[in-house]
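Undergrad: Sequence plus predicted model, see below.
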Amino acid sequence: PVLVVDFGAQYAQLIARRVREAGVYSELVPHSMPADEILAKDPKAIILSGGPASVFEPGAPSIDTKVFNAGVPVLGICYGFQVMAYELGGKVDKAALGEYGKTEAVIDDAADILAGSPAEQTTWMSHGVAVETAPEGFKVLAHTEGAPVAAMADEARKLYGVQWHPEVKHSPLGQALIENFLHECAGLPRDWDASSIIEDQVAKIRAQVGDAQVICGLSGGVDSAVAAALVHKAIGDQLTCVFVDHGLLRKGEAEQVKHDFVEATGIKLIAVDASEDFLTALKGVSEPERKRKIIGEKFIRTFEKAQRQVIAEAGENGKEVKFLVQGTLYPDVVESGGGDGAANIKSHHNVGGLPKDLKFELVEPLRTLFKDEVRAIGTELGLPEAMVWRQPFPGPGLGIRIIGEITKERLDLLREADAIAREELTRAGLDRDIWQCPVVLLADVHSVGVQGDERTYGSPIVLRPVSSEDAMTADWSRVPYDVLATISTRITNECRQINRVVLDCTSKPPATIEWE
Ligand code: XMP
């Protein structure tokens, strides 16, 4: 693989994604990993990420120079670039001029990582420390006002560095730089795409599972659907899927799982309609964390019951149900593997998740993949478009989008309003710009309205369209006014109990994406 050494950057995952977009497999490793261990992974190239430290401060993270002398091509980005320059004897100091945001870089030598670059390019920078002189053996490829050395290369040792962030979209020629490094400087082929991933995973799943029976919980979301389809491709009818309908899905989603998905894949499915059960358990509850807890627990119990059924049926074949499929993605693996652990802002019971005391071995075919790769595989496997491109949707579903008690009437009302918003956003071609758009019913709020000459006292609907890379931070989407107007008119016309539609124009932080 190409290894991305994470120096604590917010962008390390983004770098790994960009490498994969260039058709090359990449993995993240922490900077604390010893150089020998890094080299033992037989990396085809190494990228050093940015990070918040200053190289000359005591205790600043660094990397053993072994890594630079191993004959492996290395690209340092921002802090990683400074580490490379510093460790190899260049001069790194506090910058006379810090550069944050859009910065014009002057290209002195359009070669190596900058091959094909125009004489100037717009880049995105964030640095208060600069490389003043490059180490011996390096030539300077670019400079900016605040960075005498903004890019450098040592062709003989295949070492490259750049001060700006080529991985962010605000550096328009950034992807070209990354591709130059991978394909031209390091000579790596493009061999990472949906069909090679599928082939690879199918072989791995077969090897892991043998002829045992496998069970998989479907949530309606893209991850579990793609994981199931992949496993089904590998082992066919040894797989049984369980779908627990908790009654908190959006309009048409249960049908999507029960019919469209089954039709597209031919998967064996046990569908349990537990919506009455969930409603009863949630009666009178309006506190968000209690809702989550009840939904999470109820889900596990319902799933276990269905699972016993699968085991009983498989038992007749004399075969074991030994494995459970999980749609775990790479960012989950990376995040739970390291870091200080983010504060627990909300208890994210991912409904469809794994009951803790299950005695199964896990099959996690998406464990090395990013969301965009999962979508590409889903498309390649022929899953319904609406499923592959479904927005992230919380496990507790509409349960946490009704502010107040959850009732059947409120759910139906919200389902209608949500369906209208989704329809209009799709019609406007905004699906892929918007990360997700929670539609929230403020069930206990009443405001005065006038509908058909009558004074009404209805509830408001909140539209919460956001753009985001990873849901950790988000900005509210600037949906065109006419699209908002259509959504508002349709919701108030078609959902009589709603007399007001409002737009949530708060970023995250300070707000969260969901309202509960
Ligand atoms: P917040 O509201 O914390 O949401 O900004 C971040 C992302 O997480 C989703 N979310 C959940 N997902 N169970 C889930 O599986 C939950 O309880 C839950 N709460 C929020 C939310 O939709 C967004 O994508």
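TA: All right, it came through fine. In this text the structure is predicted, and so the values were computed from the model without any measurement. Numbering: from 1, shown residues only.
Undergrad: Name the residues of stretch 366-380 that are buried.
TA: The neighbour-count criterion (16 or more other C-beta atoms under 10 Å) identifies 366-371, 373-378, 380 as the buried residues of stretch 366-380. From N, CA and C alone the C-beta is placed, and that goes for glycine too.
Undergrad: whoops, I mixed them up, stretch 263-278
TA: For stretch 263-278, by 16+ other C-beta under 10 Å, it's Ala264, Thr265, Ile267, Lys268, Leu269, Ile270, Ala271, Val272, Ala274, Ser275, Asp277, Phe278.
Undergrad: How about stretch 166-173?
TA: Applying 16+ other C-beta under 10 Å to stretch 166-173 flags Pro166, Glu167, Val168, Ser171, Leu173 as buried.
Undergrad: Okay, and which of the buried residues of stretch 366-380 map to helices?
TA: The helices, defined by DSSP state H, take in Lys371, Glu373, Val374, Arg375, Ala376, Ile377, Gly378, Glu380 from the buried residues of stretch 366-380.
Undergrad: Lowest-confidence entry in the residues you listed?
TA: Summarising pLDDT for those: the lowest-scoring member is Lys371, with 90.
Undergrad: OK, contacts around that residue?
TA: Taking C-beta atoms under 8 Å, 6 or more residues apart in numbering, we find Lys371 in contact with Val222, Leu329, Pro331.
Undergrad: roughly how far apart are it and Glu289?
TA: Taking C-beta to C-beta, to the nearest Å as the measure, Lys371 falls 27 Å from Glu289.
Undergrad: Can I get the buried residues of stretch 263-278 in TSV including distance to the ligand, secondary structure and pLDDT?
TA: As requested, the buried residues of stretch 263-278 are exported to TSV (distance: C-beta to the nearest ligand atom, whole Å; DSSP: H, G, I helix; E, B strand; the rest coil; pLDDT from 0 to 100):
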residue	distance to the ligand	secondary structure	pLDDT
Ala264	24	helix	95
Thr265	23	helix	96
Ile267	23	coil	96
Lys268	25	strand	95
Leu269	21	strand	96
Ile270	22	strand	95
Ala271	20	strand	95
Val272	19	strand	95
Ala274	18	coil	96
Ser275	18	helix	97
Asp277	19	helix	97
Phe278	14	helix	98
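Undergrad: which pair in the residues you listed spans the largest distance?
TA: Greatest spacing in the buried residues of stretch 263-278, by C-beta to C-beta: Ala264 and Asp277 (28.6 Å).
Undergrad: related to what we said a few turns ago, could you rank the contacts of Lys371 by neighbour count and give me the top one?
TA: When neighbours are counted as other C-beta atoms under 10 Å, the busiest of the contacts of Lys371 turns out to be Val222, with 24 neighbours.
Undergrad: Show the pLDDT at the nearest residue in space to it that is not next to it in sequence.
TA: Sequence neighbours aside, Arg390 is the residue nearest to Val222 in space, at 5.4 Å (criterion: C-beta to C-beta, 6 or more residues apart in numbering). Among the per-residue scores, Arg390 holds a pLDDT of 93.
Undergrad: Is Ser507 in contact with Arg478, as I believe?
TA: No. Ser507 sits out of contact with Arg478 when judged by C-beta atoms under 8 Å, with a separation of 11.9 Å.
Undergrad: With neighbour numbers in mind, choose between these two.
TA: In this view Ser507 and Arg478 are compared by other C-beta under 10 Å, and Ser507 has more residues nearby, 14 against 10.
Undergrad: quick one, what contacts the more buried one?
TA: Contacts were defined as C-beta under 8 Å, 6+ apart; by that measure Ser507 touches Thr473, Ala474, Asp475, Trp476.
Undergrad: ok, the residue nearest to Arg496 when sequence neighbours are not counted - how many residues close by?
TA: In space, and not counting its chain neighbours, Arg496 is closest to Gln451: 7.2 Å by C-beta to C-beta, 6+ apart. Residues lying near Gln451 (other C-beta under 10 Å) number 14.
Undergrad: What's the mean pLDDT across the strand or helix carrying Leu3?
TA: When secondary structure is defined by DSSP states H and E, Leu3 falls within strand 2-6. Averaged across strand 2-6, pLDDT comes to 96.
Undergrad: Quick one: name whatever helix or strand follows that strand.
TA: The first helix or strand that comes after strand 2-6 along the chain, using DSSP H and E, is helix 12-21.
Undergrad: what distance separates that following helix from the centre of its chain?
TA: Shown here is helix 12-21, whose average C-alpha point lies 12 Å from the average C-alpha point of the whole chain (C-alpha atoms, centre = their mean, to the nearest Å).
Undergrad: List just the nearest of the buried residues of stretch 263-278 to Leu97.
TA: Compare each of the buried residues of stretch 263-278 with Leu97 using C-beta to C-beta and the shortest gap goes to Ala264, at 56.4 Å.
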